[in-house]
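Undergrad: return atomic coordinates for the entry below.
(one chain, ligands or ions: 1)
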Amino acid sequence: MDPEPRATFSRIGGHVALDLINTVEWRLSDERREEDLRHYSDAVRWARQLELISADEAESLSSPAAQASPEAEQELTQIIALREALYAALFTAGGSQPVVEHYREAIGHADLVRHDDDWMWTLPVDLSLPRRRIALAAIDLMTRSDLSHLSRCQDAECGWVFLDTSPRSNRRWCVSSDCGNRNRVREYYARARSIRAGEKA
Ligand SMILES: [Zn+2]
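TA: Just a heads-up that it's a prediction; the model follows:
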C-alpha cells in the first residue's frame, strides 16, 4: 500500500533546485529510501509550494484531464531523471550534460517577455511547465558564485542537501532538531559506552 502522500514538502535547501533533490528521503539508505514524487500531481503540488508555479498555473495543471493523460506520467519520469542528474552533477562528479540538455529544451520553449522594467523567461502553461521551470532553476543554481557552500547532511542515511550559509560554514545537519538531535544522542551513548568499556578494562 502506498504511504500517505507528503502534505508539506521540505524547503531547507536554501535553493529550490536543492529542495527538489530533497524530495527523496533517506537517499543514502536502500532500505529506508522514500520517494515524495510518486504521481504527477505530487510534482505539481511540490512546484506550487516551492513557488515555481503560480496558483493559476497549478490549477490548470491539476485538471482531471491533464492528470490522467499519459504525458503527465512521462513528465513525472523526466522530472525525476532531471533531479537525479542534478544530484549526480553536484554530489557524485556526474557530468553536467544531462542537466544542460533539460535547460536547452526549456529555453527552446521560452519567450523573453517584458513586464515594466523586468524581462522574464515566459514558458507555455502545459504539462511540461514544472519540469522546465526546474531546469531553469537548476542552471541558476549551478552557475551561482556561492556553490562552494554546497553541503550534505552528515547523517549516514539522510542524504538531504543544502547551501550552508552559516557564518562559520559549519552546518552539519539538514534539520538540527531532526538528524542533528538523533545523531547527538547516538554520539552521546557511543561515548558513554566507550567510557564504561574503558572503566571495565
Ligand atoms: Zn539529515
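Undergrad: nearest residue to residue 61 in space, please, no chain neighbours.
TA: Once flanking residues are discounted, residue 61 sits nearest to residue 44: 4.9 Å by Cβ to Cβ, 6 or more residues apart in numbering. For the C-beta atoms, the positions are set from N, CA and C on the backbone; glycine is no exception.
Undergrad: which SSE is residue 77 in?
TA: helix 70-91 (DSSP states H and E).
Undergrad: centre of the chain versus the helix or strand just after that helix, how much separation?
TA: Downstream of helix 70-91, the first helix or strand assigned by DSSP H and E is helix 97-108. Relative to the chain's own centre, helix 97-108 is displaced by 18 Å; criterion: Cα atoms, centre = their mean, to the nearest Å.
Undergrad: packing partners for helix 97-108?
TA: helix 70-91, helix 129-142 (3 or more Cβ pairs under 8 Å, 6 or more residues apart in numbering; DSSP states H and E).
Undergrad: that one: which residues count as buried?
TA: 98-100, 102-103, 106 (16 or more other Cβ atoms under 10 Å).
Undergrad: is it possible to get JSON lines of the helices and strands packed on helix 97-108 that adds mean neighbour count and mean pLDDT?
TA: Shown next, in JSON lines, are those (neighbours: other Cβ atoms under 10 Å; pLDDT from 0 to 100):
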{"stretch": "helix 70-91", "mean neighbour count": "18", "mean pLDDT": "96"}
{"stretch": "helix 129-142", "mean neighbour count": "22", "mean pLDDT": "97"}
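Undergrad: what's next to stretch 146-161, contact-wise?
TA: Residues external to stretch 146-161 that are found in contact with it (Cβ atoms under 8 Å, 6 or more residues apart in numbering): 10, 12-13, 18, 21-22, 24-29, 32, 87, 90-91, 141, 162-165, 169, 171-175, 179, 182-183.
Undergrad: for the helix or strand bottoming out on mean pLDDT in the chain, buried residues please.
TA: One helix or strand of the chain scores below all others by mean pLDDT, DSSP states H and E: helix 181-200, with a mean of 84. Residues of helix 181-200 classed as buried: residue 183 (neighbour count, 16+ other Cβ under 10 Å).
Undergrad: is any part of that helix close to the ion?
TA: No. Contact between helix 181-200 and the ion is absent, the nearest approach being 8.6 Å (criterion: Cβ under 5 Å from the ion).
Undergrad: the ion contacts on this protein?
TA: 153, 155, 158, 160, 174, 179.
Undergrad: try it again at 6 Å.
TA: 153, 155, 158, 160, 173-174, 179 (Cβ under 6 Å from the ion).
Undergrad: to residue 115, which of the helices and strands packed on helix 97-108 lies closest?
TA: With Cβ to Cβ as the criterion, residue 115 lies closest to helix 129-142 of the helices and strands packed on helix 97-108, at 16.4 Å.
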